[in-house]
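For reference, the sequence and a predicted model appear below.
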Amino acid sequence: MSTVIFTSSSLRHKAFAAIINNNINLDLVKVFHEEGSPLNELVEKRKNNVVELGHLEARSLAEKDFFELYINMQNKIKSISDIVPKFWFSSKDCLEILKEINPRQILVFGTSIIKGEIINTFKRKILNLHLGLSPYYRGAGTNYFPFVNNEPEYAGSTFMYLDEGIDTGEIIHQTRPIINVTDSFHQLSNRFLIHSFKTYSKIAERNLQFGLEDPVKNNTNKNSKRLIYKKSDFSRESVIKMYNNFQNGMLDQYLLNQKDRCNNVPIREQDWLKT
C-alpha cells in the first residue's frame, strides 16, 4: 500500500510532503524533491524589476508564515527524502528505482514535465495536483492569472491522472478556494494550498482503499475558455493589474455573484469531497 512523492524543493512543496506524511494510511516510503526552487528561479530572473520582485518577496514571506510549522513538525520525513536533478523524473534511473520500490501510487506536485516510459509503466498509478482549473487555465501561474484577469471563478485546483501533456490528464476532482472579502492575494493563495494538500491526502487514501470513481476527459465545449500561460507572461504590468483588481473591489464583486459566476465555469467534483 506504499506511496511515493515527486515534488519540487521550495517551502510549499516541503509542506505538501509533510501533510501527506501525516496521513498514516498512505504509508509514504519515499519523497523525491526536484532541485531548483521555482520561486528562487523567478526571483533571480526578476531581481532588477522592482514590482515583480516585491510581489515575489511578499510571497516568500507569506509562505514562511503558512508552511514552516508543517515542515518543522515533520522532521522525520528527512530520512526518506532525496534531492534529485531537474528532469530526473523522466530518466531511466528514476524508472528503475520506481520498479524496485513498486509503489501503489505516485503523488506528483510542482515538478518539471514528466515524460517517457514511466507514464505507461505506472499508468493510472500517477496522480497529479495542478494548481488551476484545467483545462480553462493551464501552464504557469494558473492561480495568479485568474486574478489578473478579474476572474476569481477560474481559480482552483485540479486532481488528475498524469499523462505526457501539459495539465491534460483525466480529471478526478476539482475544488475552488473559499474567498473572504478581506483576503490579500497571498493569504488567499496559501490558505488554499493547505486545503488542496489536505484534499490530495484524502484522494490518495481513497485511491488506495477503494479506487477513484469515474475520471472525466480533460476538455470543455468548443466555446469554453482555454488559456495557457508561460513563466515569461509574469510581468510588471500583470502584477500591477492584479493588485489594482484587489484594491478596486474584485473580491467583493465576485462574492456578490459567486454562484452564477461559478455555474458558468463547471468543474468536476467528487460527491464525497464536496464541502
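Nice, I can see it.

My read is that residue 94 contacts residue 118, right?
Yes: using C-beta atoms under 8 Å, residue 94 is in contact with residue 118, at 6.6 Å. From N, CA and C alone the C-beta is placed, and that goes for glycine too.

between those two, who's got more neighbours?
The residue with more neighbours, out of residue 94 and residue 118 and counting by other C-beta atoms under 10 Å, is residue 118; that gives 23 against 19.

isn't that one right next to residue 99, touching?
No: in terms of C-beta under 8 Å, residue 118 does not count as a neighbour of residue 99; the distance is 9.6 Å.

List of residues touching stretch 193-206?
For stretch 193-206, contacts defined as C-beta atoms under 8 Å, 6 or more residues apart in numbering pick out 3, 12, 15-16, 19-20, 22-23, 25-26, 66, 70, 105, 107, 109, 127, 129, 131, 157, 159, 172-173, 175, 177-178, 212, 270, 272-273.

what comes up buried for it?
Buried residues in stretch 193-206, defined by neighbour count with 16 or more other C-beta atoms under 10 Å: 193, 194, 195, 196, 197, 199, 200, 201, 203, 204, 205, 206.

Of these, which belong to helices?
193, 194, 195, 196, 197, 199, 200, 201, 203, 204, 205, 206 (DSSP state H).

Please list only the buried members of the contacts of stretch 193-206.
So, of these, 3, 12, 15-16, 19-20, 22-23, 26, 66, 70, 105, 107, 109, 127, 129, 131, 157, 159, 172-173, 175, 177, 212, 270 end up buried under the neighbour-count rule (16+ other C-beta under 10 Å).

Not counting its own residues, what contacts stretch 232-240?
Outside stretch 232-240, the residues that reach it (C-beta under 8 Å, 6+ apart) are 42, 46, 49, 51, 52, 54, 55, 140, 141, 144, 145, 148.

Looking at the residues you listed, which are in helices?
With helices taken from DSSP H, the overlap with the contacts of stretch 232-240 comprises 42, 51, 52, 54, 55, 145, 148.

Which pair of those spans the longest distance?
Largest separation among the ones in helices among the contacts of stretch 232-240 by C-beta to C-beta: 54 and 145, giving 18.3 Å.

who's more crowded, these two?
Here residue 54 and residue 145 are set side by side on neighbour count (other C-beta under 10 Å), and the busier one is residue 145, at 22 against 13.

Just give the nearest non-adjacent residue to the more buried one, would you?
residue 229 (5.4 Å; C-beta to C-beta, 6 or more residues apart in numbering).

in terms of contact, does that neighbour touch residue 141 like I think?
Yes: shown here, residue 229 and residue 141 form a contact pair, counting by C-beta under 8 Å, at 5.1 Å.

need the ones in helices among the buried residues of stretch 193-206 in CSV with pLDDT and distance to residue 266, can you?
Converted to CSV, those look like this (pLDDT from 0 to 100; distance: C-beta to C-beta, whole Å):
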residue, pLDDT, distance to residue 266
193, 97, 23
194, 96, 25
195, 96, 20
196, 97, 19
197, 97, 24
199, 97, 19
200, 98, 21
201, 97, 25
203, 96, 20
204, 97, 25
205, 95, 26
206, 94, 22
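
okay, the residues you listed in TSV with distance to residue 248 next?
Formatted as TSV, those follow (distance: C-beta to C-beta, whole Å):
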residue	distance to residue 248
193	25
194	28
195	26
196	27
197	31
199	31
200	33
201	37
203	36
204	40
205	42
206	41
